[in-house]
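Asker: give me a model of this one.
(one chain, ligands or ions: 2)
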Amino acid sequence: MNSIDFTHHTRHAVLIDLDGTLVDSAPDIVEAVRRLLLDLHAAPLSFDTVRGFIGHGVPTLIRRVLRASALTHIDEVLALALFQRHYRDTNGRYGDVYPGVRAGLAALQGAGYRLGCVTNKFYEASVALLDIHALAPWFEVVVGGDTLSQMKPAAEPLLHACRALHARLDRCVLVGDSHVDIAAARAAQMPVFIVRYGYPGPEGHAAMACDGFIDSLEELPAMLDAANQGRQ
Ligand SMILES: O=C(O)COP(=O)(O)O
Ligand SMILES: [Mg+2]
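Answerer: Ligands and ions are numbered 1, 2, ... in the order given. This is a model prediction of the structure:
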């Protein structure tokens, strides 16, 4: 995939992570985990504990939940199926879009950027969540955790989105909330901007080696102007 020739593509694109960047979806996910643990007759985990498990996709989240609840004897495929059933109900119901997201997307589109959503959440759930919050129309492509054989931190989802948008690889940036996004962007040799909210994981933001932090997506057009000038 790395050998794809992007040089005939000229468009600038912004790839944006979903959970923790566009939507504060932890309340939906934590509620589905609470229902899963109820099914398994296990004690609930704290909100912060479960939120800290978000970032590497649902199968990893479930593995972490089972480990934290001393339920490693439970079949992960079964637990995943139980979770999915609950998540179909909770997805989009409790969490909300972060402040500045809608205005930021409008400003980016107005400035001529093509927009793609690159998430480790399963594709179907991602599209459903974007739909529920009326964010879907902004995105020309959505790459989910199960769209390709590899998810972030692999480079492939970013390269795939870039190609789908007919954008030049050296004209794409990623915006995310976690070290998974940073690692994926580095693997794709793409600049990465990190929101100061979201689910950065236990290490927090301090140790993040990104190209810049933002408090709101509304700050992006100005930041990208500066970044693109540096790349000419
Ligand atoms: O589902 C996850 O674990 C994370 O999803 P994200 O890539 O949109 O942050
Ligand atoms: Mg995220």
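
Asker: would you put the C-alpha positions of the helix or strand harbouring Met223 in PDB?
Answerer: Using DSSP states H and E, Met223 maps to helix 220-231. C-alpha atoms of helix 220-231 as PDB (Å, rounded to 0.1, in the frame of the first residue of the first chain):
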ATOM      1  CA  LEU A 220      -8.000  23.800  12.400                       C
ATOM      2  CA  PRO A 221      -8.200  25.900   9.300                       C
ATOM      3  CA  ALA A 222      -5.700  28.500  10.600                       C
ATOM      4  CA  MET A 223      -3.400  25.800  11.900                       C
ATOM      5  CA  LEU A 224      -3.500  23.800   8.600                       C
ATOM      6  CA  ASP A 225      -2.800  26.900   6.600                       C
ATOM      7  CA  ALA A 226       0.400  27.300   8.600                       C
ATOM      8  CA  ALA A 227       1.300  23.600   8.400                       C
ATOM      9  CA  ASN A 228       0.700  23.500   4.600                       C
ATOM     10  CA  GLN A 229       2.900  26.500   4.100                       C
ATOM     11  CA  GLY A 230       5.600  24.700   5.900                       C
ATOM     12  CA  ARG A 231       5.200  21.700   3.600                       C
END
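
Asker: so for that helix, what gets flagged as buried?
Answerer: Neighbour counts over helix 220-231 (16 or more other CB atoms under 10 Å) mark 220-221, 223-224 as buried. (C-beta placed from N, C-alpha, C; glycine too.)

Asker: spatially, which two of those residues are the most separated?
Answerer: Pro221 and Met223 (7.4 Å; CB to CB).

Asker: quick one: residues contacting Ala42.
Answerer: Taking CB atoms under 8 Å, 6 or more residues apart in numbering, we find Ala42 in contact with 69, 71.

Asker: checking it next. Helix, strand or coil?
Answerer: Using DSSP: H, G, I helix; E, B strand; the rest coil, the structure places Ala42 in coil.

Asker: which helices and strands does the longest strand seen in the chain pack with?
Answerer: Longest strand in the chain by number of residues (criterion: DSSP state E): strand 167-176. For strand 167-176, the contact count by 3 or more CB pairs under 8 Å, 6 or more residues apart in numbering; DSSP states H and E identifies strand 11-16, helix 156-164, helix 179-187, strand 192-195, helix 220-231 as packing neighbours.

Asker: TSV for those, including distance to Tyr113?
Answerer: Converted to TSV, these look like this (distance: least, CB to CB, whole Å):
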stretch	distance to Tyr113
strand 11-16	5
helix 156-164	12
helix 179-187	16
strand 192-195	13
helix 220-231	7
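
Asker: ok, which of the ones you listed comes nearest Gly112?
Answerer: strand 11-16 (6.6 Å).

Asker: and stretch 28-39, does that touch ligand 1?
Answerer: No: applying CB under 6 Å from any ligand atom, one finds stretch 28-39 separated from ligand 1 by no less than 7.6 Å.

Asker: so which bits of that stretch are buried?
Answerer: 28-33, 35-37.

Asker: does that stretch come close to ligand 2?
Answerer: No: on the criterion CB under 5 Å from the ion, stretch 28-39 is out of touch with ligand 2, staying 11.2 Å away.

Asker: run through who's touching that stretch.
Answerer: By CB under 8 Å, 6+ apart, the residues outside stretch 28-39 that reach it are 19, 43-45, 47, 50-51, 54, 61-62, 65, 69, 79, 82-83, 86-87, 89-95, 129.

Asker: grab the nearest non-local neighbour of whatever residue of the chain ends up closest to ligand 2.
Answerer: The minimum distance from the chain to ligand 2, using CB to the ion, falls at Gly20 (3.7 Å). Counting by CB to CB, 6 or more residues apart in numbering, Gly20 lies nearest to Gly198, which is 3.1 Å off, once chain neighbours are set aside.
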